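> Let's see this in three dimensions:
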Amino acid sequence: MSSTRPEALVSQKGLRKSVAAGSIGVFVHWFEWAVYAYLASTIAKVFFPEQDGTAALLSVFAVFAISFGVRPLGALVFGTLGDRIGRKKTLSIVILSMSGATLVVGLLPTYSSIGLWAPVLLIVARVVQGLAAGGEFGSAAAFLAEYSPRRHRGFGVSWLEFGSLLGFLAASLAVYLLNVVMGAEAIQDWGWRIPFLLTVPLGLIGFYIRTKIEDTPEFRSLEELDNVPQSPVKEVFTRHWKQLLQMSGIEIMMHVTFYIVLVYLLTYQEETLEMSPDNAALLSTVASIAGLILVPLFGAVSDRVGRRPLLIASAALLIVLAYPLFLIMQSGAPWAGFVSTLGLGIILAIILGVHACAVAELFPTRTRQTGLSIAYSITAAIFAGTVPYVLTWLIAQTGNTMMPAFYLILVGLIGLIAVMTMKETKGIDLLRTEDFAGRAAASRGELDPSASSGAGRL
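This next block holds a predicted model:
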């Protein structure tokens, strides 16, 4: 049986459905995540005792951190499910779990109503969301990579990160409108619930789309050959540890850059550079809009020039330009904030445009979703949610306000080392030799080691 599927079997309508199915869950996840972060001060007053406002706010962020901490567990669960029962079913379970937990958050009684049960139930809901989030990236990236035509795979998979950026922007707009339309008292009484409840119909739409599309041609091929793995986690750690490390290096670079540019920079510009909140928010919006425009473009460029050149370029730009861009930002010139933030946003867009496709092409179909989920979630748990805390602590300890630049240079070096160990994967066949060799051979380690080297058959 040939491993090269006829692209004619996947219609344009099917491709559009696959893009919608793959990206809508990411949109829902990041919309909910951003809303929680933007409404942190209100949530602190609603779910925690009011005697100590700082302690309540820290509790909100602690709950936020818990949702990151459980992601690796979700990755193990949903990664395994995706490689055993299929991408489509896992995507449906993930988005239903996220939407259900978000609905619970939107309907929870407050601390004034049920006391300590309010924060307890909030933690439970956030844990469920974190578990589901641990499976979202791996499921969506594997799904989009396997559904996209090989000549346009970079472009197809890039829509995953388009969804995440759109979720950020939509959350920002929703909270802004909430503050414009309602007063602070009304928002604290009941208005904070609205953005959370808005994600529920979006999640149901995503669930419907995901249940109406076929599973990927590659996974269906595994099922036909009876080569679906029994222990994908074991296979990843014993046979694909090199790819796991390579992906981890790339994802560390992506996570830290993403959170510095789109999350931490807002606080840094307000607190450290004493920029007005309105200007800081505007600059964050500019970076997000630039990403929306450029991410699919860079995904398409990677289909022409390859994944490695763009990843190498983005890592090199971080190493070379991070320090000058932060120097410009601190200059105080009227144009400085715009130029520096836009520059960082463009570098981030290059990474977002190509990283998901590049790492999806590292793994064979048998263990793709497991490998993607584990590396993404572990690096997110360690490096993503800790960015604001780590940089705030470093600046406080050293008094050096250039610490964000140094951190970007460090992760740029990590990403560059990871990419330099990889072979080019543009146009690679996602079905490898071991995908045809059978489960018994895989479990005995009798497969050709070159089959999973990342080169594949072109």
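> Just after the helix or strand hosting F258, pick out the following helix or strand.
Under DSSP states H and E, the secondary-structure element containing F258 is helix 241-259. Proceeding N to C from helix 241-259, the next assigned helix or strand is helix 265-267, under DSSP H and E.
> I'd like the distance between the residue nearest the centre of the chain and A322.
Against the mean C-alpha coordinate of the chain, by C-alpha atoms, centre = their mean, the closest residue is F137 at 5.8 Å. Taken as C-beta to C-beta, to the nearest Å, the spacing of F137 relative to A322 amounts to 25 Å. Where C-beta positions appear, they are placed from N, C-alpha and C, glycine not excepted.
> Next: L362.
26 Å.
> And T367, by the same measure?
T367 sits 34 Å away from A322, going by C-beta to C-beta.
> For the two, work out which one has more neighbours and name it.
T367 (31 against 25; other C-beta atoms under 10 Å).
> The more buried one against S231, yeah?
No - using C-beta atoms under 8 Å, T367 is not in contact with S231, being 9.5 Å away.
> just the helices in the stretch 351-458 of the chain please.
In chain order, the stretch 351-458 of the chain shows helices spanning 368-379, 387-398, 403-420, 434-437, 439-444, with DSSP state H, counting those that start in this stretch as the criterion.
> Go through those and pick out the most buried.
When the helices of the stretch 351-458 of the chain are scored by mean count of other C-beta atoms under 10 Å, the highest mean neighbour count falls to helix 368-379 (a mean of 29).
> between that helix and helix 241-259, how many degrees?
Taking axes from the mean of the first three to the mean of the last three C-alpha atoms, to 10 degrees, one finds that helix 368-379 is oriented at 50 degrees with respect to helix 241-259.
> Residues in contact with helix 368-379: which ones?
Contact with helix 368-379 is made by 71-72, 74-76, 78-80, 82-83, 87, 90, 133-135, 137-139, 141-142, 145-146, 232-233, 235-236, 240, 243-244, 247-248, 251-252, 255, 359-360, 362-363, 430, as judged by C-beta atoms under 8 Å, 6 or more residues apart in numbering.
> chain center to it, what's the gap?
Relative to its chain's centre, helix 368-379 lies at 11 Å (C-alpha atoms, centre = their mean, to the nearest Å).
> so where is the stretch 1-150 of the chain shaky, pLDDT-wise?
Residues of the stretch 1-150 of the chain that meet the criterion pLDDT under 70 lie in 1-15, 50-58, 61, 64.
> what ranges do the helices span in the stretch 51-200 of the chain?
All helices of the stretch 51-200 of the chain, identified by DSSP H, counting those that start in this stretch, fall at 53-69, 71-85, 87-107, 111-114, 117-147, 153-181, 184-186, 193-211.
> How about the backbone phi and psi for the closest residue in space to S59 that isn't next to it in sequence?
For S59, ignoring the flanking residues on the chain, the nearest one in space by C-beta to C-beta, 6 or more residues apart in numbering is F48 at 5.0 Å. Taking degrees, to the nearest 10, you get phi -130, psi 160 for the backbone angles of F48.
> Test my guess that F48 contacts V63.
No - F48 lies out of contact with V63 (C-beta under 8 Å); the separation is 9.5 Å.
> Quickly list what's touching both of the two.
P119.
> S113: neighbour count?
Based on other C-beta under 10 Å, the number of other residues close to S113 is 10.
> Please report how far A358 lies from A336.
As judged by C-beta to C-beta, A358 and A336 stand 33 Å apart.
> With neighbour numbers in mind, choose between those two.
Between A358 and A336, counting by other C-beta under 10 Å, A358 is the more crowded of the two (27 against 16).
> give the contact list for the more buried one.
For A358, the set of contacting residues under the criterion of C-beta under 8 Å, 6+ apart consists of I250, S302, R307, R308, L311, M422, T425.
> cutoff 6 Å now
Taking C-beta atoms under 6 Å, 6 or more residues apart in numbering, we find A358 in contact with R307.
> measure G337 to I95 for me?
Taking C-beta to C-beta, one finds G337 at 37 Å from I95.
> which of the two has more neighbours?
Looking at G337 and I95 with other C-beta under 10 Å, you find the greater number of neighbours at I95, namely 31 against 23.
> hang on, isn't that one packed against G206?
Yes - between I95 and G206 there is a contact under C-beta atoms under 6 Å: 4.7 Å.
> what do these two both touch?
Common neighbours of I95 and G206, counting by C-beta under 6 Å, 6+ apart, are G25.
> which phi and psi does T386 have?
The main-chain torsion angles of T386 are listed as degrees, to the nearest 10 and equal phi -90, psi -10.
> Just give the number of residues close to it.
T386 has 17 nearby residues by other C-beta under 10 Å.
> The residue nearest to L394 when sequence neighbours are not counted and I409, how far apart?
Residue nearest to L394 in three dimensions, not counting chain neighbours: M403, with 4.4 Å by C-beta to C-beta, 6+ apart. Counting by C-beta to C-beta, the separation of M403 from I409 is 11 Å.
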